[in-house]
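> please work out how this folds:
(chains A, B and C)
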Amino acid sequence: MKLTLKIWRQKNAKETGKIVDYPIDGIEPDMSFLEMLDVLNEGLINKGDDPVAFDHDCREGICGMCSLFINGEAHGPDRGVTTCQLHMRMFKDGDTIFIEPFRAKAFPVIKDLVTDRSSFDRIQHAGGFISVNTSGNTIDANTIPINKHDADRSFDAATCIGCGACVASCKNSSAMLFVSAKVSQFALLPQGRIEAHDRVLNMVNQMDHEGFGNCTNTGACEVECPKGISLENIARMNREYLSASIK
Amino acid sequence: MALDSKIPQGPIDDKWTNYKNHINLVNPANKRNLDIIVVGTGLAGGSAAATLAELGYNVKAFCFQDSPRRAHSIAAQGGINAAKNYQGDGDSTFRLFYDTVKGGDYRAREANVHRLAEVSANIIDQCVAQGVPLAREYGGLLDNRSFGGTLVSRTFYAKGQTGQQLLLGAYSAMNRQIGRGKIKMHNRHEMLDLVIVNGKARGIIARNLITGEIERHSAHAVVIASGGYGNVFFLSTNAMGSNATAAWKIHKKGAYFANPCYTQIHPTCIPVSGDHQSKLTLMSESLRNDGRIWVPKNLEDAKAIREGKKKPTDLSESERDYYLERRYPSFGNLVPRDVASRAAKERCDAGYGVNKTGEAVYLDFAAAIERYGKEQAYIKGLENADAKTIYKLGKEVVENKYGNLFQMYLKIVDEDPYVTPMMIYPAVHYTMGGTWVDYNLMTTIPGCFSIGESNFSDHGANRLGASALMQGLADGYFVLPYTIGDYLAPDIKVGPISTDLPEFVAAEENVRTQLDKFINNNGSHSVDHFHKKLGKIMWDKVGMARNAQGLNEAIHEIAALREEFYRDVKVTGTLDSFNQELEKAMRVADFLELGELFAKDALHRNESCGGHFREEYQTDEGEALRDDENFAYVAAWEYKGKPSDAVLHKEPLVFDNVKLVQRSYK
Amino acid sequence: MAKSALLKSSLAKKYWMALTGLFLCLFLIGHLAGNLQLLVPDNALNFNKYALFMTTNPAVKILSYVTYISILFHSIDGAVLVFQNQAARPIKYARNNAAANSPWASRNMGILGTVILIFIVTHMVTFWAPMHFDKKMPLQTTTIDVQGQKQEFYLTTDGGYIPKAQVDQNAIIIKDRTDFYDGNAKVKIKEGYKDLYKITIAFFKDPKYGLIATILYVISMAILAFHLSHGFGSAFQSLGANNPKYNGLIRGFGKWFAILVPLLFAIIPLYIHFILKA
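Predicted structure coming up:
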């Protein structure tokens, strides 16, 4: 396959960036998108140019490190996958592909396509936990039976990989899907209910503080989320926050 | 230096309890004056950092990723073992201990494994308390599944994302401490050297990967939890960033490196599709609960399939060879990983491979779909359900169990595993070897600890499925917090360690020199070029089956490649900026040394055991042939400049509680 | 925390948007029910009676103040959201395929809302302002055949009639726009109806601007439909009502609401302009 890549290049956080065109040839449909970028970078290095910086790690869709806004969509045109699992068979020979970083004020660019998503971590520091010591002196795991449906829904929320596709896709750069997944995971479990109110207030407070936009329910996040995190979580967070606020 | 494993005296059941009763403790006020550096934030490092901070120590945690949540523990799929015996199927601490020692082909240290089995149940309690959504049954209690190499169901799981859920649990515990200021998190930092002051580990040199700044960090103890070295093979199920640098740097500073040749080749991975391949993807071992592994019985059929003239579904039952069920009727498809991997290689080498490269076997779910379908039809009272309904019902069950794995397979291979059997092939997955540690998890450098996959201790020559998560969390939550206190107790009066000490200056200078050398090298090949070459040597000659000739060749080839690397590698960019090529160069430099030691270790071990299979040492049936008389020891290598000069130290393995027999899963 | 959170936080803004929006949906139903009377032949009196009720009943008055506040709050809150959300992404994407993941209306609520606000303002200028403030607001009259002679009478709220001639001759005076006073005794005798019906019909039947007014009205309703198509369901989501069991119901209802309400509104001017005989 022969492609034209239009890639955002930005030297560092301070300098302004721009889109640069890179023609590329010899791409096979079985390659993953990142392997295609590997090929590009190998060529750039051989020419003595600076390779394109992009985040990636596990390359099996679970670590959440890879990002990229590809042809106008977070993680590209395929559904239910991260960029590392996006394969070139989704594209046609001769295609032009725009590759941009996830854009949000709360995700400043570090270099090229690499962004700083530590705002997500700070939201988690604010309340993304159950305050229980890891002493090992907790009660037996089976002492608290948990309704299977609740456990499953909690699990579904917990499968969020924190990649930031929701923020990138949202026209408002809102982090609601991410935060609500965290809030929901704990709110659905009896262990997590105990401090559910403080948690939601603190996490939302931090979310607002980080400069994310507001949710206007466009639903783009749910569609682009590689893990299929549901909007139900946002509704649940809305409920949790409302009841926590009026209490 | 003689190796002292510091195993406590007494019967194995009481060792850990007695140990805990007699160690030195640090009082809470003094803990505030003690700093601990934790490098790596996966299950082991994350759980250790959180627990140590809870206890009151000041923790400085480092990870090269942008968040602790990215650590590769997250990719573990199948589950975590714990001797809870919730199923009432005869499990016990002893059985878990026994299975693990046997599964490790009798090359693990008994006392460590027993301690692991003892604390395993606590891990589940802990994880549930902190909100890890483990799978449950309709009654609300925890569910279990079974894994390879055991006869009980003791594996707790969260669909195919157990590692993710456990890591997020540890990360949430960290978050609580980061929020309180007890953990100072250093994301996007890579440790590049250990600083030793007066014989004790007192700090590290780390590079801030964003700014390129080289930083000095001091502490009263350093904990390495940086994972395994599987990426020495270039292609593995490890993350692209997984590296051995932290572990190798401490090795170069005096920590012995144990059993590097014990590497686990996981039997169920998606086969390589071409030269462009950058990484291999695991399909959880849990799939072997329901999937049946086979190749065609006839060479012609295999050939026809490879050429695309036949489809696997065209072959009738009698034309298929379910070779694991045939060879190991008692464990069948659930034999341990090393056994399953070698069996797959044996079939493929004999010409029965089923993909273009001839290196793939089938993992078939048709039987499971039918079995579950019939079960569901019965439950739903559909007496005369047609095949279509049964298939639909069965598919739903399979989807519920393994949906995410099947989807992952579909996306990567572009074939629907519900319709066509999956193709799988073994791939490098886990490294049982690692830094040598004593019972306290301390390396041969005082004050430098190593936990999780980066140490060597618990899995012997082969790790059983669902045991890595168990070990990582056991080390971090329940073992290290005790043992490190015992070490730190005499240090309470030391006070803060200055980073202006000459040892820090020298270590920083050393790191800077290495980095500068790469930046100014002006070679002609990229780092990946060398890494791929190293991987090929490793896979071909130090892979699933090894022999003396190949290993000798590998040793020389790696040494030559290393020289070429230093001469000819090209690293773009600058030292003082975000530079992924420079990061890779430092890691590959270490792999190029580790690879050679790996081959050297494999060459010296004239026996086959677990993940280490020497072609010269096998039974008539092709099973691994151990030599307990001469090799029942841990091979701990001391760094002496070059891998070829490494000095071997032996820690004899004493088995008081398990009888050494030839491992049989027949 | 709790107090300020309910005003300042991003979630609070959602709640207020949802609550005011849903209230305005209720208002639409009430308003529509009234307007539909325009479709009933020879219904001027009832329509004007309704108009009188709506402007005088104390309960309705409270509701109408809530409506004004809702419109204001919904607009201001909406504008704040738009500006904050713009600021949350300082550098835009070079290529953004948003159509792949979200409906057009959901992404353009600000623009849709602005157009609707402009519509509301002009609508109020046209109908609400004369009703409330216009000194020259006509009162409803009717022509009755009195002994073979056609005479014009004002209709009064007690069901009586006041001959227009008497008013013309100042025997009866109109004060405070609707009150009939005895010309001599200066005593209020009866009250008339403001003829909202008349000015409505006149507006859409205006030979010069009637057609344009009708078209603009219809377009505004189409825009309202888009706004509602997202807004209705969105409000439930914002308030936390999202349950797979009932989502179908809410969405289905929202869809029909978004189509039906603006459609019925739009039919009225079309009927007046094109079908109603003057």
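
> name the nearest residue to B:Ser172, sequence neighbours excluded.
A:Phe129 (3.8 Å; CB to CB, 6 or more residues apart in numbering or on different chains). For glycine as for every other residue, the C-beta is placed from the backbone atoms N, C-alpha and C.

> which ones are touching that neighbour?
Counting by CB atoms under 8 Å, 6 or more residues apart in numbering or on different chains, A:Phe129 touches B:130-131, B:172-173, B:175-176, B:179.

> element containing it?
Counting by DSSP states H and E, there is no helix or strand that carries A:Phe129.

> go through the contacts of A:Phe129 and flag which are in helices.
Those of the contacts of A:Phe129 mapping onto helices are B:172-173, B:175-176, B:179, per DSSP state H.

> list only buried entries from the contacts of A:Phe129.
Among the contacts of A:Phe129, those classed as buried by 16 or more other CB atoms under 10 Å in any protein chain shown are B:130-131, B:172-173, B:175-176, B:179.

> which of these sits closest to C:Ile76?
Checking these against C:Ile76 by CB to CB gives B:Gly179 as the nearest, at 35.1 Å.

> for the closest one, give me its contacts.
A:125-127, A:129.

> check C:Asn243 too.
A:Glu232.

> read off the pLDDT value for it.
We have a pLDDT of 90 for C:Asn243.

> return the residues of the stretch 451-600 of chain B in contact with chain A.
Residues of the stretch 451-600 of chain B lying close to chain A (CB under 8 Å from any CB of the partner chain) are B:477-478, B:524, B:526, B:528-529, B:570, B:572-573, B:577-578, B:580-581.

> quick revisit: just the contacts of B:Gly179: which are in helices?
When DSSP H is applied, these are split such that A:125-127 fall in helices.

> rebuild these as a markdown table, extending it with pLDDT.
Below are the ones in helices among the contacts of B:Gly179 laid out as a markdown table (pLDDT from 0 to 100):
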| residue | pLDDT |
| --- | --- |
| A:His125 | 97 |
| A:Ala126 | 97 |
| A:Gly127 | 96 |
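
> who wins for neighbours among those?
Neighbour counts for these peak at A:Gly127, which has 27 neighbours (criterion: other CB atoms under 10 Å in any protein chain shown).

> so what's residue 189 up against?
I went with chain A, as the question did not name one. Under the criterion of CB under 8 Å, 6+ apart, the neighbours of A:Leu189 are A:146, A:150-151, A:154, B:131, B:133.

> wrong chain, I was asking about chain C
Counting by CB under 8 Å, 6+ apart, C:Ile189 makes contact with C:172, C:180-182.

> next, it: phi, psi?
Torsion angles at C:Ile189 (phi, psi; degrees, to the nearest 10) stand at phi -110, psi -40.

> against B:Cys269, how distant is it?
97 Å (CB to CB, to the nearest Å).

> and what of B:Arg154?
B:Arg154 is 24 Å from B:Cys269, by CB to CB.

> A:Thr4 too?
Counting by CB to CB - A:Thr4 and B:Cys269 are separated by 34 Å.

> in which helix or strand does C:Gly252 reside?
Per DSSP H and E: helix C:244-270 holds C:Gly252.

> B:Val634 should be in a helix, yeah?
No. Counting by DSSP: H, G, I helix; E, B strand; the rest coil, B:Val634 is not part of a helix but strand.

> wait, it sits on B:Ala258?
Yes. The pair B:Val634 and B:Ala258 qualifies as a contact (CB atoms under 8 Å) at a distance of 5.2 Å.

> more neighbours: which of these two?
When B:Val634 and B:Ala258 are compared for neighbours, B:Ala258 comes out ahead with 26 against 23, by other CB under 10 Å.

> partner residues bridging the more buried one?
Using DSSP bridges, the beta-bridge partners of B:Ala258 come out as B:Gly434, B:Ala636.

> in this structure it contacts B:Glu638, no?
No. Using CB under 8 Å, B:Ala258 makes no contact with B:Glu638, being 10.6 Å away.

> which residue, other than its chain neighbours, is closest to the residue of the stretch 1-150 of chain C found nearest chain A?
In the stretch 1-150 of chain C, the residue that lies nearest chain A is C:Asn97 (2.9 Å; CB to the nearest CB). Leaving out its chain neighbours, the residue that sits closest to C:Asn97 by CB to CB, 6+ apart is A:Gly72, at 2.9 Å.

> domain map for the chain?
You didn't say which chain, so I picked chain A. A:3-111, A:117-246 (automatic domain parsing).

> the intended chain is chain C.
According to automatic domain parsing, the ranges for chain C are C:2-90+C:99-136+C:207-275, C:141-191.

> ranking those by burial, who's on top?
Most buried of the domains of chain C by mean neighbour count (mean count of other CB atoms under 10 Å in any protein chain shown) is domain C:2-90+C:99-136+C:207-275; its value is a mean of 17.

> circling back: take the residues of the stretch 451-600 of chain B next to chain A and keep only those in helices.
Among these, DSSP H puts B:528-529, B:580-581 in helices.

> is the residue nearest the centre of chain B part of a helix or strand, or is it coil?
By CA atoms, centre = their mean, chain B has its centre lying nearest to B:Tyr430, at 3.3 Å. Three-state call for B:Tyr430 (three-state DSSP): strand.

> skipping adjacent residues, who's closest to C:Gly113 in space?
Nearest one to C:Gly113, counting by CB to CB, 6+ apart, is C:Gly78 at 5.3 Å.

> sorry, wrong one. I was asking about C:Phe236.
Nearest to C:Phe236 is C:Ile250, by CB to CB, 6+ apart, at 5.1 Å.

> which ones are touching the one you found?
With CB under 8 Å, 6+ apart, C:Ile250 has these contacts: C:233, C:236, C:241.

> which one of those is nearest chain A?
C:Ala241 (6.7 Å).

> separation between the closest one and B:Ala340?
With CB to CB as the criterion, C:Ala241 and B:Ala340 are 51 Å apart.

> one more: B:Asn58?
Distance from B:Asn58 to B:Ala340, by CB to CB: 45 Å.

> for chain C, what's the nearest residue on chain B?
For chain B, CB to the nearest CB, closest residue to chain C: B:Gly179, 16.6 Å.

> give me the pLDDT value at that residue.
In this model, B:Gly179 is scored at 96, pLDDT.

> measure it to B:Ser316 for me?
Counting by CB to CB, the gap from B:Gly179 to B:Ser316 is 61 Å.

> same question for C:Lys188.
Distance from C:Lys188 to B:Ser316, by CB to CB: 103 Å.

> look through chain A and state the residue closest to chain B.
Proximity to chain B, evaluated over chain A using CB to the nearest CB, is greatest for A:Pro145 at 2.9 Å.

> quick revisit: closest one of the ones in helices among the residues of the stretch 451-600 of chain B next to chain A to B:Glu557?
Nearest to B:Glu557 out of those is B:His529 (CB to CB; 15.0 Å).
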